[in-house]
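In: got a sequence here, can you build the structure:
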Amino acid sequence: MKDNRLLEMRVFRAVAEAGGFTAAALTLGVSQPFVSQTLNALERRLGVQLLHRSTRTQRLTAEGEAYLAACRRVMEEIDLAESTVASPEPAGELRVTVPRAFGSDQIVPRLPGFMAAYPAISVQLQLSDTVTNLLEENFDVAIRMGRLQDSSLMSRRLCALQRIVVASPDYVARHGPPVTPQGLERHNCLMWLPPAEHLNRWPFMIQGQRQELAVKGSFRSSDGTALFQMCVAGMGVMRLAEHLAVPALRSGQLQPLLADYQAADDTAIHAVFLAERRLVPRIRAFVDYFTSAFATPPWAA
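Out: This next block holds a predicted model:
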């Protein structure tokens with residue numbers, strides 16, 4: 001039977017201390033409906049009302065005041081217990097979620113070295129291009145590409161993220177290369193589905209100014225690996241992350257386009273984790289290991 005009592009305590013304490021459901025959701029890095037549903041479930045389980053709710057404010061009931069004090073004591077005891085018995089050696093199960101293409105290409109090949117260095121850690125790896133909520137879905141670490149959304153999550157930068165416009169030699173032979181960014185209007189561009197549809201606006205430097213152009217094409221996917229494979233197969237033009245683009249350019253599978261117009265990305269690849277778990281040895285070991293592994297991006301060597 002799943003025991004959600006500690007999660008309910010954390011959510012209730014956040015609501016009480018942040019002053020509302022929306023503020024608590026931002027603090028915890030979860031959705032407002034999740035906060036509301038969790039508090040409703042807690043009150044049903046306890047059989048008491050912990051908060052007086054109005055359209056503008058939430059105020060603790062007498063029972064809520066008592067329960068908040070108890071929550072604080074419980075969490076202090078948990079922190080004390082963990083600091084007392086925590087092994088200095090990283091150990092236990094580590095749950096990690098990583099974008100599919102980057103995970104397959106860059107994280108999975110380095111996991112054997114990590115697990116050999118920390119044999120007491122077992123790893124559960126999810127490869128998904130969906131942005132996973134660490135608290136709601138019980139993950140320890142996520143690797144995220146691009147700009148981070150504002151949240152309570154802590155982050156460590158692994159390396160810069162740059163994308164390059166590319167196509168296969170076969171595609172270019174059949175359709176010719178675009179001479180200017182505007183020329184992409186006559187080309188089939190490989191595109192992302194939501195929630196990554198913002199990547200369908202490609203930045204370029206045009207007459208010294210950064211401009212974004214909305215591209216169009218006949219193939220869309222939420223899977224970066226599928227888009228890359230379609231590009232190599234000659235199905236269109238893609239703005240591809242360097243970790244896949246650079247090796248494919250070196251091997252001749254792809255060729256660069258519009259290099260004179262390339263705009264520098266101001267984004268990066270990060271490891272993110274819940275702030276209150278930053279000192280957990282297995283999480284710290286994973287983040288430190290991969291921060292070191294990508295200090296010089298392997299594809300740039």
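In: make it CA atoms for all contacts and neighbour counts henceforth
Out: OK.
In: distance between the ends of stretch 96-113?
Out: With CA to CA, to the nearest Å as the measure, stretch 96-113 spans 16 Å from end to end.
In: next one: stretch 147-160
Out: Stretch 147-160 stretches 11 Å from its first residue to its last (CA to CA).
In: tell me the buried residues in that stretch?
Out: For stretch 147-160, burial by neighbour count (16 or more other CA atoms under 10 Å) applies to Ser152, Leu153, Ser155, Arg157, Leu158, Cys159, Ala160.
In: go on, stretch 28-36?
Out: Quick answer for stretch 28-36 (16+ other CA under 10 Å): Leu28, Gly29, Val30, Gln32, Val35, Ser36.
In: rewinding a little: JSON lines for the buried residues of stretch 147-160, including distance to Val48 and pLDDT?
Out: Shown next, in JSON lines, are these (distance: CA to CA, whole Å; pLDDT from 0 to 100):
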{"residue": "Ser152", "distance to Val48": "29", "pLDDT": "70"}
{"residue": "Leu153", "distance to Val48": "32", "pLDDT": "81"}
{"residue": "Ser155", "distance to Val48": "38", "pLDDT": "91"}
{"residue": "Arg157", "distance to Val48": "44", "pLDDT": "94"}
{"residue": "Leu158", "distance to Val48": "46", "pLDDT": "95"}
{"residue": "Cys159", "distance to Val48": "49", "pLDDT": "94"}
{"residue": "Ala160", "distance to Val48": "50", "pLDDT": "91"}
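In: dump the residues you listed into CSV; add secondary structure and distance to Asp265 as well.
Out: Shown next, in CSV, are the buried residues of stretch 147-160 (DSSP: H, G, I helix; E, B strand; the rest coil; distance: CA to CA, whole Å):
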residue, secondary structure, distance to Asp265
Ser152, coil, 24
Leu153, coil, 23
Ser155, strand, 19
Arg157, strand, 15
Leu158, strand, 15
Cys159, strand, 12
Ala160, strand, 8
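In: helix, strand or coil for the residue nearest to the spatial centre of the chain?
Out: Note on the chain: the residue nearest the mean C-alpha position is Arg144, at 3.1 Å, using CA atoms, centre = their mean. Assigned state for Arg144: strand (three-state reduction, DSSP: H, G, I helix; E, B strand; the rest coil).
In: which parts of the stretch 201-301 of the chain are helices?
Out: In the stretch 201-301 of the chain, the helices defined using DSSP state H, counting those that start in this stretch lie at 224-232, 242-251, 281-293.
In: right, so of these, which gets closest to Gln106?
Out: Closest of these to Gln106 is helix 242-251, at 7.9 Å (criterion: CA to CA).
In: ok and that closest one relative to helix 224-232, angle-wise?
Out: Angle between the axes of helix 242-251 and helix 224-232 is 20 degrees (criterion: axes from the mean of the first three to the mean of the last three CA atoms, to 10 degrees).
In: by contact count, what packs against helix 242-251?
Out: strand 163-167 (3 or more CA pairs under 8 Å, 6 or more residues apart in numbering; DSSP states H and E).
In: rounded mean pLDDT for the following helix or strand past the strand it packs on, please.
Out: Later in the chain than strand 163-167, the nearest helix or strand by DSSP states H and E is helix 169-175. Helix 169-175 shows a mean pLDDT of 97.
In: could you dump helix 169-175 to PDB, C-alpha only?
Out: The C-alpha coordinates for helix 169-175 follow below in PDB (Å, rounded to 0.1, in the frame of the first residue of the first chain):
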ATOM      1  CA  PRO A 169      24.000  15.000 -48.800                       C
ATOM      2  CA  ASP A 170      21.200  13.100 -50.600                       C
ATOM      3  CA  TYR A 171      18.600  15.700 -49.600                       C
ATOM      4  CA  VAL A 172      20.900  18.600 -50.700                       C
ATOM      5  CA  ALA A 173      21.600  16.900 -54.000                       C
ATOM      6  CA  ARG A 174      17.900  16.500 -54.700                       C
ATOM      7  CA  HIS A 175      16.700  19.900 -53.500                       C
END
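In: all good on my end, thank you.
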